[in-house]
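Asks: Sequence plus the predicted model coming up.
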Amino acid sequence: MKTLGDFLARFVAPLIGAGEVHIAAPVRLARVAEWALELANHSAELEAIDQLRQRAAATLVVQRPSLLFGELELRIMVGVHNLLYLSHPEADGTMTTRAQRARVALACLQLLRAPAATGQAALLSRHTLIEPVFELERRDIDLKWWTGSRRFHGQKVPGRLKLWPRLRNVTETVRRVPFWEIFSDDAAAAVGELFALSPLTDLLWPARGALPFSFEHRHLAVLADRELGRLVCYHLGRDLAAHAHTLGGALGRTLGQSSVPARPFVELLLYLHYLHAQAASPLQLAPLGPGTAAHAGLFWALPAAAAKARGHIVGPPGWDDDPTSPSATAWRAYLAQAGAAAGLDVVESLAPRLTAVLAPPLAPPTPLARTA
């Protein structure tokens with residue numbers, strides 16, 4: 001795109017507003033610097049973009065922050081645009097050499113590297129830019145006819161190939177490919193940088209195919225904000241069984257490395273179990289069964305393993321004030337069923353790994369629980 005106005009109107013605004021996004025040739029770093037100086041001349045376009053972002057933020061928090069599109073936001077959006085270019089069919093073949101793709105990927109890394117986001121406003125600012133990218137899909141079409149076939153990656157099928165469908169036995173199969181599956185290996189580092197850029201988005205989208213979620217220092221800023229922490233819990237808790245494999249894998253990786261504080265992540269997962277125990281019925285938990293996959297089994301074993309590591313059952317605040325209360329009964333039943341579903345061997349092997357993590361008292365188990 002030749003001008004900043006075109007870039008804002010044809011890429012940024014439709015991306016944030018869920019419209020039709022246009023991808024052009026990669027934007028050079030020198031041009032990004034020129035565009036940064038021109039931002040003040042595009043106040044109308046930027047105000048419209050900021051309003052779209054603030055509407056998105058208003059669905060997540062009670063008091064939406066003021067979000068302003070500046071130089072950092074411009075660099076991020078150009079990095080996203082250039083990254084999406086690498087997924088375009090014209091960027092993968094004779095039109096673009098491997099060396100050219102490597103230069104574009106390196107430029108993406110430079111554009112997407114930014115200081116860690118801290119504070120609710122900064123976290124929401126990044127999230128309103130990055131989550132629309134996670135929601136993108138590429139529409140691939142496999143077209144077959146009596147003498148051949150062709151595959152179209154996010155491209156329109158020429159009308160001539162669909163002529164006389166009954167006579168030529170034309171069949172069309174559509175597959176929607178999520179954002180994180182449309183890139184080749186040379187773009188993997190840039191895609192990882194995009195996930196790291198917005199820790200709130202990263203926590204809200206833990207399941208993403210071959211790109212495993214891992215709990216890192218950057219996520220602590222999200223959990224330190226009670227409103228955003230509750231948002232993450234309630235979002236993941238809507239379909240906890242679907243996230244069990246991903247969260248269990250992240251738990252195993254977190255316990256296996258000393259560079260990441262494991263306790264906040266363990267507390268987050270326990271709190272998800274507390275919420276699920278109050279909402280779950282035996283029918284909802286039954287599909288776990290003894291055949292639960294390894295990572296998912298680690299997740300479901302966590303409450304029972306935490307009880308063994310602490311020497312007593314760890315539950316939500318106030319659950320043991322009245323052992324006969326519905327919440328206490330539900331928690332004990334859930335603890336037994338989830339542990340049985342995971343398997344005694346998984347519980348026994350996880351408990352020693354949790355001992356050091358849970359050595360300080362868990363009371364209350366997480367700051368999120370105090371205001372939930």
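Replies: It's in.

Asks: how deep is Pro264 tucked in, by neighbour count?
Replies: 21 (other Cβ atoms under 10 Å). The way it works is simple: take the backbone N, C-alpha and C, and place the C-beta from them, glycine included.

Asks: let me fix that: Gly70
Replies: Count around Gly70 with other Cβ under 10 Å applied: 12.

Asks: Could you do the one 4 residues further on as well?
Replies: A count of nearby residues for Leu74, using other Cβ under 10 Å, gives 23.

Asks: Does it touch Ala33 like I think?
Replies: No: Leu74 is beyond contact range of Ala33, at 9.9 Å (criterion: Cβ atoms under 8 Å).

Asks: Was I right to think Ala196 contacts Leu211?
Replies: No: between Ala196 and Leu211 there is no contact under Cβ under 8 Å: 11.3 Å.

Asks: in what helix or strand does the residue of the chain positioned farthest from its centre lie?
Replies: Most distant residue from the mean C-alpha position of the chain: Leu167, 45.5 Å away (Cα atoms, centre = their mean). Per DSSP states H and E: Leu167 is located in helix 165-168.

Asks: Other residues contacting that helix?
Replies: 145-147 (Cβ atoms under 8 Å, 6 or more residues apart in numbering).

Asks: at 10 Å instead, please
Replies: Helix 165-168 is contacted from outside by 144-147, 161-162, 171-172, using Cβ atoms under 10 Å, 6 or more residues apart in numbering.

Asks: Run through the neighbouring helices and strands of the strand or helix carrying Val104.
Replies: For Val104, the element it lies in under DSSP H and E is helix 98-112. Where contact means 3 or more Cβ pairs under 10 Å, 6 or more residues apart in numbering; DSSP states H and E, helix 98-112 is packed against helix 29-38, helix 71-85, helix 188-197.

Asks: now with 7 Å?
Replies: Here helix 98-112 touches helix 71-85, helix 188-197, going by 3 or more Cβ pairs under 7 Å, 6 or more residues apart in numbering; DSSP states H and E.

Asks: what's the angle from the first one to helix 29-38?
Replies: Okay, so that is helix 71-85. If you take axes from the mean of the first three to the mean of the last three Cα atoms, to 10 degrees, helix 71-85 sits at 140 degrees to helix 29-38.

Asks: one step back: give me whichever of the helices and strands packed on helix 98-112 is most buried.
Replies: Comparing those by mean neighbour count (mean count of other Cβ atoms under 10 Å), helix 71-85 ranks first with a mean of 22.

Asks: what's the angle from that helix to helix 98-112?
Replies: Using the same axes, to 10 degrees, helix 71-85 lies at 150 degrees relative to helix 98-112.

Asks: Residues contacting helix 71-85, please?
Replies: 11-12, 23, 26-27, 32, 35-36, 39, 91, 104, 107-108, 111-112, 114, 129, 133, 187, 190-191, 194, 197 (Cβ atoms under 7 Å, 6 or more residues apart in numbering).
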